[in-house]
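Peer 1: Sequence first, predicted model second:
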Amino acid sequence: MNKKKKVVVGMSGGVDSSVAAYLLKEQGYDVIGVTMQIWQDEEATVQEENGGCCGLSAVEDARKVAWELEIPYYVMNFKEEFKDKVIRYFIDEYVHGRTPNPCIACNRYVKWESLLKRSMDIGAEYIATGHYARIDRLSNGRYALRKSVTSGKDQTYALYNLTQYQLAHTLMPVGEYKKDQIRRIAQEIHLDVASKPDSQEICFIPDHDYAGFIREHSDMGAEEGNFVDREGRILGRHRGITHYTIGQRKGLNLSMGKPVFVTEIRPEANEVVIGDSEDVFSDYLICHHLNWMAVEGLEGGEMKVTAKIRYSHKGAPCVIREIGQDLVECRFEEPQRAITPGQAVVFYHEDYVVGGGVIQ
C-alpha cells in the first residue's frame, strides 16, 4: 500500500493534472495539490489574460478540483525562478539567433528542480504531474522515461532532460491512459474541468508575438538587417532576427518569384539567410548540453536510435556518436527538414528515452 506516502501534485487547473491527483489519491497516496505562481505581472487583469498554466483562472480551477477531491491545496510562488530560468533564457536564445524550448526549460528547472526541492522540504517523497509519459527503472538500474500509451499525446520529448534523482522522485499516472479515458474519468467523478480545452500556446506569450515580447523585455535583436543568400548577396531587409526561425516561409515579404525559406540566422552580422526548399534539409547535426537517461553515455561507441528534432517531429532513424566533451554527432538515414539550433534533439530506443541535447 502507498498509505501515508506524501506526493505533491502540480495542478495547472486542467483535466490531466486534476485526474492525476485523483488517481494518486485512489492509489492510497497522501496527496497535496499545488499550483505554481509564475506570472510576472501583479495586475489581476493581466494575470487573468495570461490563461494557460499561468493565469488566475488556473488557480481557481485547481482550487475547486482540490476541494472536490478533498485534498489540501496551496499556491507556491516561483516567479523569480521562472524569470531567471525561463524568460531570460527565452530572450537570450532568440537574440543569439537560436529557437528556444521554454517549456523544456520550465520543466527541468522550475516544475522539477524548484518544486521538488520545496516538496521534499515539507516532507513529500514524490512530486507528480499530468504529463503523458511513464517512468520505468531499467535492468541497468537507471530511471528512464517511457512513451505514453497514446502516441498522439506523448510528452516525453519535453521531459528528456530530467535527472535521475528527479525521475526517482516523480510519479506520472496519466501516462498509462489515453486522453479520452482521462476525460471520461473526470466526467465520472463530476469535475468541471472534464471538457476544459488543452492549453496550446507558450503560457507567457498567449498572443504568439514572440518578437513583441522580446522587444518589450530587451533592447537586443530588434534591429533591422539584411536578407542575404548563402553567397552573401543582399536580397532585402528583415525586421530583426527575433522574427525568424529556420524553415520559415511566411512573413518574409520577399518577391523572389518562387517560395523561399529561412536557412540560417547570423546574429553576429544581423543577417537572415534565404534559400530554396532543398536548402532547409540536412542529414546531420551536432548537439551539446547532453542529458543521458536510459544509458550513462555512449562510452566512445556508436548507437542506432530514433531521434526527434522538435516536439511535432515523428522521429527518424539515425546513428549517434560522441565527438568531444559534451558533444554528440547525429547522422540521419534520410535528410530532415529544418534542423534548428536551440531546439532539443531527443534520442529513443523503442519506447524509451536514451537521452538528448540541444542542437548546436
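Peer 2: Looks like it came in fine. Numbering: from 1, shown residues only.
Peer 1: tell me the contacts of residue 285?
Peer 2: 309, 329, 330, 339, 345, 359, 360 (C-beta atoms under 8 Å, 6 or more residues apart in numbering). C-beta coordinates here come from the backbone N, C-alpha and C atoms, glycine included.
Peer 1: Please read the previous query as pertaining to residue 270.
Peer 2: So residue 270 contacts 223, 225, 226, 241 (C-beta under 8 Å, 6+ apart).
Peer 1: Report how many residues lie close to residue 143.
Peer 2: Other residues near residue 143 come to 19 when the count uses other C-beta atoms under 10 Å.
Peer 1: ok, and the closest non-adjacent residue to it?
Peer 2: Among residues not flanking residue 143 along the chain, residue 167 sits closest, at 3.7 Å (C-beta to C-beta, 6 or more residues apart in numbering).
Peer 1: Let me see the contact set for that neighbour.
Peer 2: Contacts of residue 167 (C-beta under 8 Å, 6+ apart): 135, 143, 144, 145, 293.
Peer 1: Just send those back as TSV, with pLDDT too.
Peer 2: Output for the contacts of residue 167, formatted as TSV (pLDDT from 0 to 100):
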residue	pLDDT
135	98
143	98
144	98
145	98
293	98
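Peer 1: out of those, who has the most neighbours?
Peer 2: residue 145 (29 neighbours).
Peer 1: in stretch 191-199, what's buried?
Peer 2: 191, 193, 194, 196, 199 (16 or more other C-beta atoms under 10 Å).
Peer 1: The last one and residue 352: what is the separation?
Peer 2: Residue 199 is 27 Å from residue 352, where distance means C-beta to C-beta, to the nearest Å.
Peer 1: Please name the residues that touch residue 297.
Peer 2: Applying C-beta under 8 Å, 6+ apart, we find residue 297 in contact with 290, 322, 355.
Peer 1: For residue 51, give me the pLDDT.
Peer 2: For residue 51, the pLDDT comes out at 46.
Peer 1: got the CA positions of stretch 9-26 in PDB?
Peer 2: Below are the C-alpha coordinates for stretch 9-26, written out as PDB (Å, rounded to 0.1, in the frame of the first residue of the first chain):
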ATOM      1  CA  VAL A   9       0.800  17.200  -7.400                       C
ATOM      2  CA  GLY A  10       1.500  20.200  -9.700                       C
ATOM      3  CA  MET A  11      -2.100  21.300 -10.600                       C
ATOM      4  CA  SER A  12      -2.500  23.600 -13.600                       C
ATOM      5  CA  GLY A  13      -6.300  23.700 -13.400                       C
ATOM      6  CA  GLY A  14      -6.500  21.400 -16.500                       C
ATOM      7  CA  VAL A  15      -8.100  18.000 -16.700                       C
ATOM      8  CA  ASP A  16      -4.800  16.000 -16.900                       C
ATOM      9  CA  SER A  17      -3.300  17.200 -13.600                       C
ATOM     10  CA  SER A  18      -6.700  17.100 -11.900                       C
ATOM     11  CA  VAL A  19      -7.200  13.400 -12.800                       C
ATOM     12  CA  ALA A  20      -3.600  12.700 -11.800                       C
ATOM     13  CA  ALA A  21      -4.300  13.900  -8.300                       C
ATOM     14  CA  TYR A  22      -7.500  11.800  -8.200                       C
ATOM     15  CA  LEU A  23      -5.700   8.600  -9.400                       C
ATOM     16  CA  LEU A  24      -2.900   9.000  -6.800                       C
ATOM     17  CA  LYS A  25      -5.400   9.500  -4.000                       C
ATOM     18  CA  GLU A  26      -7.300   6.400  -5.200                       C
END
